[in-house]
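Trainee: Here you go, sequence then predicted model.
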Amino acid sequence: MSKRASLVAFIVAVIIQILILVAVPARKVFTRVTGKTVVLKVQPVDPYSILSGYYATLGFDISRVDAFQNARAMLQEYSEGDWVYAIVEQGDDGTWKPISLERELPANLPHNRAALLGRINRGAIRYGIEEFYIPEAQRVRIADDLSRNVDKARVDVKVDSAGHAALERLRIEDRVYE
Amino acid sequence: MTPDQNMSTKFRAALRNELAIWIQKGFVTDEAAKQLSSAYELDNLRHESTRLLSAVIFTIGGLLLGGGLISFVAANWELIPTPIKLALLFSALLGLHTAGFWLWHSKNWRRLGHALIFTGCLVFGANIGLIAQIFHISSNWYGGFGAWALGSLVMAWAVRSWIIGVLALATSFIWFIGFQSDHAQSPTAYPLILGIAVLPLAWIIRSRVLYAGTLLVIMVAACVLAGYHGSAAQLLFTMAAAGTFMWTLGELHRTSEQRMEFANITGGLGLGLLAFAAYVWSFHSLWSQFKFGPIRSWWAFVFFSLSIACSLLMWGRARQTQRLLTAGVLLAGGILCANSLLSAAAANESNGEFLFTLTTNMAALILAAIIIGVGLVDERRLAFWLGSLYLVLLVLSRFLEYETSLLVKSAAFLACGVTVIIAGISYENYLRRKARGIESGTGGSGHE
């Protein structure tokens, strides 16, 4: 290869690497910028599996299929790996509660409702917000706080118009972890 | 520099030493020696060895410096705002790549530049993970490896680097295993994609490691595809066909004199894969306990067809010994393939176990003879000893597998030990006789 061709090939390769790095968080950034804030109550999780490496594994009301009103009918219709839209509604305490599961994204949802896109995975629904990165220095403290006060733990999630969710922060009483 | 010219330091250093002898003996004229010296840049060798030492020192220094900086940043990582974190990640990537390319092409510090670009590709992988952490991206763990493989592959092509190619190969294989274990649908095109995306690079840059590594990953991936959702027979068929293909491909390299440096490593890996498959399936319990369901893997048929094609292509130009060894490999591979196909056809019947075990053991013995034969023909000590040990392993495994008295077992161990010692002494004497024959001008090459 000539020097010029080498330079062009090298620049193209660097640009592709940068584009890949930009593409990794692109969806989450879009959701964070354009999405509506939904507060979800964290469900008790197995204390032995809270920490997985540097991640805390979170569960929510809406992770359980049977938390939705039409769960029984839907369970017969859905199978492993299927995509679903979980409709949630804002409750009096500020957290959002499960309402129903839908196959299609509903149009014209009222302001107090939102649709989250999830996938059936081993009997539960995963929305891509189940893993919260914990900084090494705070690892033990956050895990301990979460296991002691899981009923007071909330997460702020942004949900965009297509139903994609992005985890913003974890809150336990007045303590905020980002 | 023409694409086929061997510019490796090892070859050029040997050429420089030989050239002095050739001039002294009058094999080449001073003019021709000058032309060779110029074409192979032999005068640069001394500077290159100095540069190599400098490159090693600079790389170690750079890694220590990088480690110190990373530790400093990691210690304060949580205090750094997200935009600055992202700026640091992208700067590290761009800094390493730019410095590497500049040193390589502008300062002619090839090795140091190469090392920095390789480090840049490692940083690229780390950046994928760190960005996923910053944005709390909860996705399939293997997805990041897929992205890493893609970015590394593009860079490997751009700078013609074997080590970055190996990085792309390794990360893509991790992605493949993750995807395979997480999806009902297998990525069956993965071996084909590797063949198209990586093998030509290995060919162009004449990298034996990348070439053999890619072939190995292709074969292993095909075996994983066959074994994961398939039956034991499907796995055996794929392993046998893949091993036979790699051997015949290696022999094709040798006879066609195209990239001859790939011949030994490719054939050796094929022989190793065949010997491994034959040993595993040489146990009777495997044939009697496992269900051998239908064969659905089309990769095994692809390898099988390619083995036939390579054999036909190499046969006409092959020497007698090459034909003999290849015929042996085809026979052993054929026995293993036939056993797997017949066992799949007779899945619900149990009367073929003894025959399958017996013929598989025969195939293993043939392979042991071929490996020892390669050691004798090519005068390769490692092949001779591996073949001898493989033979001993087969014999001992049979004695331990079946109920025999301690006295018989003891006799078998003693016989194996004595045979290995006698074989070793005979082999060393054989090599010495050949060496003496060559020195006195009466001996020939092992291939003849």
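Mentor: Sure thing, it's come through.
Trainee: Can you pull the phi and psi angles for residue 131?
Mentor: Here I'm looking at chain A. In terms of degrees, to the nearest 10, the main-chain angles of A:Glu131 are phi -120, psi 120.
Trainee: C-terminal to the helix or strand bottoming out on mean pLDDT in chain A, what's the next element?
Mentor: Lowest by mean pLDDT, DSSP states H and E among the helices and strands of chain A is strand A:51-52, with a mean of 48. Later in the chain than strand A:51-52, the nearest helix or strand by DSSP states H and E is strand A:55-57.
Trainee: Check the offset of the next helix-or-strand element following that next one from the chain's centre.
Mentor: Using DSSP H and E, the helix or strand that directly follows strand A:55-57 along the chain is strand A:59-60. Put simply, strand A:59-60 sits 10 Å off its chain's centre (C-alpha atoms, centre = their mean, to the nearest Å).
Trainee: Show residues contacting the helix or strand that comes right after strand A:59-60.
Mentor: Following strand A:59-60 in sequence order, the next helix or strand is helix A:71-77 (DSSP H and E). Outside of helix A:71-77, the residues within contact range by C-beta atoms under 8 Å, 6 or more residues apart in numbering or on different chains are A:Val65, A:Asp66, A:Phe68, A:Val84, A:Leu101, A:Arg103. To be clear about C-beta, it is placed using only N, CA and C from the backbone, and glycine gets the same treatment.
Trainee: mind running it again at 7 Å?
Mentor: Here helix A:71-77 makes contact (C-beta atoms under 7 Å, 6 or more residues apart in numbering or on different chains) with A:Val65, A:Leu101.
Trainee: ok, whatever helix or strand comes next after that helix: who's next to it in the sheet?
Mentor: Where DSSP H and E defines the elements, the next helix or strand beyond helix A:71-77 is strand A:83-90. Take DSSP bridges as the rule and strand A:83-90 pairs in its sheet with strand A:96-102 (antiparallel), strand A:113-121 (antiparallel).
Trainee: how far does strand A:83-90 sit from the chain's center?
Mentor: Here the centre of strand A:83-90 is set off from its chain's centre by 12 Å, with C-alpha atoms, centre = their mean.
Trainee: next one: stretch B:105-112
Mentor: Distance, stretch centre to chain centre, for stretch B:105-112: 29 Å (C-alpha atoms, centre = their mean).
Trainee: Is chain A within reach of that stretch?
Mentor: Yes - interface with chain A: stretch B:105-112 contributes B:His105 (C-beta under 7 Å from any C-beta of the partner chain).
Trainee: Just the endpoints, please. Distance across that stretch?
Mentor: This stretch, stretch B:105-112, spans 11 Å end to end (C-alpha to C-alpha, to the nearest Å).
Trainee: list the buried ones in that stretch?
Mentor: Neighbour-count burial for stretch B:105-112, with 16 or more other C-beta atoms under 10 Å in any protein chain shown as criterion, is recorded at B:His105, B:Trp109, B:Arg111, B:Leu112.
Trainee: Out of the residues you listed, which two are the most distant from each other?
Mentor: B:His105 and B:Arg111 (13.0 Å; C-beta to C-beta).
Trainee: re earlier: out of the buried residues of stretch B:105-112, who's nearest B:Ala368?
Mentor: Closest approach to B:Ala368 among the buried residues of stretch B:105-112 (C-beta to C-beta): B:Arg111, at 41.7 Å.
Trainee: Where does pLDDT dip in chain A?
Mentor: Along chain A, segments meeting pLDDT under 70 span A:1, A:44-54, A:75, A:136-137.
Trainee: go with 80
Mentor: Low-confidence segments of chain A (pLDDT under 80): A:1-3, A:43-57, A:70-81, A:121-123, A:133-140, A:143, A:146-147, A:150-151, A:174, A:178.
Trainee: Tell me the residues of it that contact chain B?
Mentor: Within reach of chain B by C-beta under 7 Å from any C-beta, chain A has these residues: A:3, A:6, A:9-10, A:12-14, A:16-17, A:20-21, A:24-25, A:28-29, A:128-133, A:135, A:137, A:167.
Trainee: Among those residues, which ones are in strands?
Mentor: Mapping the residues of chain A next to chain B onto strands (DSSP state E) picks out A:Glu131, A:Phe132, A:Tyr133, A:Leu167.
Trainee: Find the centremost residue of chain A, please.
Mentor: For chain A, A:Ile129 is the residue whose C-alpha lies nearest the centre (C-alpha atoms, centre = their mean; 2.0 Å).
Trainee: I'd guessed B:Phe179 sits against B:Gly143; true?
Mentor: No - taking contacts as C-beta atoms under 7 Å, B:Phe179 lies outside contact range of B:Gly143: 8.7 Å.
Trainee: Show me what secondary structure element comes after the biggest helix by length in chain A.
Mentor: In chain A, with assignment by DSSP state H, the single longest helix is helix A:3-34. Next helix or strand after helix A:3-34 toward the C-terminus (DSSP H and E): strand A:36-43.
Trainee: got the residue ranges for the strands in chain B?
Mentor: Here chain B has no strands by DSSP E.
Trainee: how about the residues of it near chain A?
Mentor: Residues of chain B lying near chain A (C-beta under 7 Å from any C-beta): B:78, B:93, B:97, B:101, B:105, B:124, B:127-128, B:131-133, B:135-139, B:147, B:150-151, B:154-155, B:158-159.
Trainee: Pull out the buried residues from those.
Mentor: Neighbour counting over these (16+ other C-beta under 10 Å) leaves B:93, B:97, B:101, B:105, B:124, B:127-128, B:131-133, B:135-138, B:147, B:150-151, B:154-155, B:158-159 as the buried ones.
Trainee: so where is the stretch 101-250 of chain B shaky, pLDDT-wise?
Mentor: Looking at the stretch 101-250 of chain B by pLDDT under 80, you get B:107-111, B:136-141, B:182-186, B:227-233.
Trainee: now the helices for it?
Mentor: B:110-134, B:141-159, B:162-182, B:190-197, B:199-205, B:208-228, B:232-256 (DSSP state H, counting those that start in this stretch).
Trainee: and the shortest one, what does it pack onto?
Mentor: This means helix B:199-205. If contacts are counted by 3 or more C-beta pairs under 7 Å, 6 or more residues apart in numbering or on different chains; DSSP states H and E, helix B:199-205 sits against helix B:162-182, helix B:208-228.
Trainee: and if we set it to 6 Å?
Mentor: Contacts defined by 3 or more C-beta pairs under 6 Å, 6 or more residues apart in numbering or on different chains; DSSP states H and E place helix B:199-205 against helix B:208-228.
Trainee: in the helix it packs on, what's buried?
Mentor: Buried residues in helix B:208-228, counted by 16+ other C-beta under 10 Å: B:208, B:210-227.
Trainee: which residues touch residue 24?
Mentor: By default, I'm working from chain A. Residues near A:Val24 by C-beta atoms under 6 Å, 6 or more residues apart in numbering or on different chains: B:Ile128, B:Ile131.
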